[in-house]
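Visitor: pasting the sequence and the predicted model now:
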Amino acid sequence: MTTDERLSEPELLRQGGFRFAAKFLAPGDIRSTKRQRRRLREFAQAEDPLADAVVDMIRRLPPGEGRRLFNRAVEHGLDSLDSLDDPPAELVDFFRAVEATPYWVSHERLDRGARAIVRTGVLSLFPLGDIALMGGYLASRATKPLVGTGVIEYAATRRLTETARWWFDVTTPGALRVGADGYASALRVRLVHAHVRAAMNRRDDWDYASWDRPINQVQTAGTLLLFSLVYVLGMRVLGVRYTDTERADIIHLWRYVGWLMGVDDELLPATEEDAWRLLWLLAATEFVPDEDSQRLAAALLHAYSEAGRDRGGPLGAVVGELSMRVHGSISRLVLGKANSDFLGLPDDPIMQAAVLAAAAGNFAAETVRQRVPGATWAQERIGEFTRRRYAEALGKLVRHDRTYAQHMHAPVEPAA
């Protein structure tokens, strides 16, 4: 590869925290070429034909019938449709594909990756919201369906809660086996994406030239990358020590989740190095924030503040403000000054120093854990317990509907 093939990266990327992380953590030179960028952009016009066909089937059948058949196949498998005289072809095609588990899937590795995530308990939710969700708002084309449905801006707390519950579902050991909760959640959210995509495609004001196809392959792959590699990066910033094997297993877990959710094989990183290269491509081509990015970032910060106030009792206002500043500081440490300033994240050097001090404490504790026999096993049990209790607490705030039925009828508002 010649020097001339390398592209100068956008100003936003050069100034961001991502470049700093890539310099010290990425394996070698991961910068993209013109050809690679052109190839990635082709996927911005690709959707999910199998899931889109199922949504068309649901619209064609009597109300409720298509969803009932889909849930039956999710929970009991394709063979459960054998009792039907003429099962819908779209449903058969979809489940014949998703039940054909790829040769590279190792359930042992899936479970190891899940245990590595479970071990960190609710700490894993900080990178999930502060880096994955907040960082995702930098990709303005990907935010258009979110703004169009109003789900994020007008129900940010619910969305944050549901994302956390979905995260618990797919990162629990054993949950990605056919018919298990994580497997079902991945397929149901895939169908939610297809419903929203169909709604956006029916609109007269969708700007395909500026925004690409709604919820396209690039955007779905980017979301999965935020949940995998960027999550690992965020945990390392917070002092968590993952071994090379654990990081590889986490990437493997999300590779399979992405496959279940319809991401093209070409966009599914097989290794951490692959993930870094794809992340650089996405950062260079998709991180183009706009006013909607700022609106959604403000809504997410407000959700953190509201949650803090609700849990803070008499000191609710103080707890809410602290919660917003803690989460905003974590985002700023990873996303960098230019990105954070554009999104309107609070710039609190004292809180950032406190976050780094807490990270140093985590790193010390993690070092001890790695050297004490049985400590990792014990930490996994503690993490499992805290996740379960936190999920129960979330259930009291927002009822968790694992079928995601309410999202099939989300309101659609003007896109811009």
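Guide: Now that the structure is in, tell me what you want to look at. Numbering: from 1, shown residues only.

Visitor: point out where the protein drops to low pLDDT.
Guide: Low-confidence segments of the chain (pLDDT under 70): 1-26, 28, 148-156, 308, 310-313, 315, 397-416.

Visitor: phi, psi of the residue of it most remote from its centre?
Guide: Distance from the C-alpha centroid of the chain, by C-alpha atoms, centre = their mean, peaks at D85 (38.7 Å). Here is the backbone geometry of D85 (degrees, to the nearest 10): phi -70, psi -40.

Visitor: how much space between it and W166?
Guide: Between D85 and W166 the distance is 35 Å, computed by C-beta to C-beta, to the nearest Å. For glycine as for every other residue, the C-beta is placed from the backbone atoms N, C-alpha and C.

Visitor: repeat that for A299.
Guide: On the measure of C-beta to C-beta, A299 and W166 end up 19 Å apart.

Visitor: kindly report the same for A44.
Guide: Separation of A44 from W166 (C-beta to C-beta): 24 Å.

Visitor: before we move on, what about V54?
Guide: Applying C-beta to C-beta to V54 and W166 gives a distance of 19 Å.

Visitor: do A338 as well
Guide: Distance from A338 to W166, by C-beta to C-beta: 30 Å.

Visitor: the two - which one has more neighbours?
Guide: W166 (19 against 15; other C-beta atoms under 10 Å).

Visitor: burial count for R60?
Guide: R60 has 11 neighbouring residues, counting by other C-beta under 10 Å.

Visitor: show me what counts as buried in the helix or strand harbouring V189.
Guide: Assigned by DSSP states H and E, V189 belongs to helix 181-201. Buried residues in helix 181-201, counted by 16 or more other C-beta atoms under 10 Å: 181-200.

Visitor: look up how far D56 lies from the residue nearest to P214 when sequence neighbours are not counted.
Guide: Leaving aside its chain neighbours, P214 sits nearest to M200 (3.7 Å; criterion: C-beta to C-beta, 6 or more residues apart in numbering). Distance, M200 to D56, by C-beta to C-beta: 15 Å.

Visitor: same check on T367?
Guide: T367 sits 54 Å away from D56, taking C-beta to C-beta as the criterion.

Visitor: and G344, how many neighbours?
Guide: What G344 shows, counting by other C-beta under 10 Å, is a neighbour count of 14.

Visitor: how's the protein carved up into domains?
Guide: Annotated domains of the chain cover 17-46+101-409, 49-98 [automatic domain parsing].

Visitor: and the last one, how far from the chain's centre?
Guide: In other words, domain 49-98. Here the centre of domain 49-98 is set off from its chain's centre by 26 Å, with C-alpha atoms, centre = their mean, to the nearest Å.

Visitor: how long is that domain end to end?
Guide: One end of domain 49-98 sits 13 Å from the other (C-alpha to C-alpha, to the nearest Å).

Visitor: for stretch 198-217, same thing?
Guide: End-to-end distance for stretch 198-217, by C-alpha to C-alpha: 15 Å.

Visitor: M200 touches A142, doesn't it?
Guide: No: with contact defined as C-beta atoms under 8 Å, M200 does not count as touching A142 (12.0 Å).

Visitor: list residues touching both of these two?
Guide: I215 (C-beta atoms under 8 Å, 6 or more residues apart in numbering).

Visitor: look up how far L176 lies from R247.
Guide: Distance, R247 to L176, using C-beta to C-beta: 18 Å.

Visitor: and L69, its phi and psi?
Guide: Main-chain dihedrals, L69, degrees, to the nearest 10: phi -70, psi -40.

Visitor: distance check, it against G328.
Guide: 44 Å.

Visitor: chain center to stretch 84-103: distance?
Guide: In terms of C-alpha atoms, centre = their mean, the centre of stretch 84-103 is set 26 Å apart from its chain centre.

Visitor: let me fix that, I meant to ask about stretch 241-258.
Guide: 14 Å.

Visitor: give me the contacts around that stretch.
Guide: Applying C-beta under 8 Å, 6+ apart, the contact partners of stretch 241-258 are 102, 104-106, 109-110, 112-114, 116-117, 170-171, 176, 182, 186, 220-221, 224-225, 227-229, 231-232, 235-236, 267-272, 275, 363, 366-367, 369-370.

Visitor: neighbours of E162, how many?
Guide: E162, neighbours per other C-beta under 10 Å, totals 20.

Visitor: and the helix or strand harbouring it, what does it pack onto?
Guide: Secondary structure assigned from DSSP H and E places E162 in helix 156-170. Judged by 3 or more C-beta pairs under 8 Å, 6 or more residues apart in numbering; DSSP states H and E, the packing partners of helix 156-170 are helix 151-154, helix 181-201, helix 291-311, helix 375-397.

Visitor: check which residues of the helix or strand that comes right after the third one are buried.
Guide: Okay, so that is helix 291-311. For helix 291-311, the following helix or strand on the C-terminal side (DSSP H and E) is helix 316-335. By 16+ other C-beta under 10 Å, the buried positions in helix 316-335 come out as 319-335.

Visitor: what's the angle from helix 316-335 to helix 291-311?
Guide: Interaxial angle of helix 316-335 relative to helix 291-311 (axes from the mean of the first three to the mean of the last three C-alpha atoms, to 10 degrees): 140 degrees.

Visitor: how far off centre is helix 316-335?
Guide: Centre-to-centre, helix 316-335 and its host chain are 20 Å apart (C-alpha atoms, centre = their mean).

Visitor: repeat for stretch 260-270
Guide: Taking mean C-alpha positions (C-alpha atoms, centre = their mean), stretch 260-270 and its chain are 14 Å apart.

Visitor: output it as PDB, nothing but the C-alphas.
Guide: As requested, the backbone C-alpha atoms of stretch 260-270 are provided in PDB (Å, rounded to 0.1, in the frame of the first residue of the first chain):
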ATOM      1  CA  LEU A 260     -28.100 -13.000  14.300                       C
ATOM      2  CA  MET A 261     -29.100  -9.300  13.700                       C
ATOM      3  CA  GLY A 262     -28.500  -9.600  10.000                       C
ATOM      4  CA  VAL A 263     -25.100  -7.900   9.600                       C
ATOM      5  CA  ASP A 264     -23.300  -8.900   6.400                       C
ATOM      6  CA  ASP A 265     -20.400 -11.400   6.900                       C
ATOM      7  CA  GLU A 266     -18.000  -8.900   5.400                       C
ATOM      8  CA  LEU A 267     -18.800  -6.400   8.100                       C
ATOM      9  CA  LEU A 268     -18.400  -8.800  11.100                       C
ATOM     10  CA  PRO A 269     -14.900  -8.500  12.600                       C
ATOM     11  CA  ALA A 270     -13.300 -11.900  13.400                       C
END
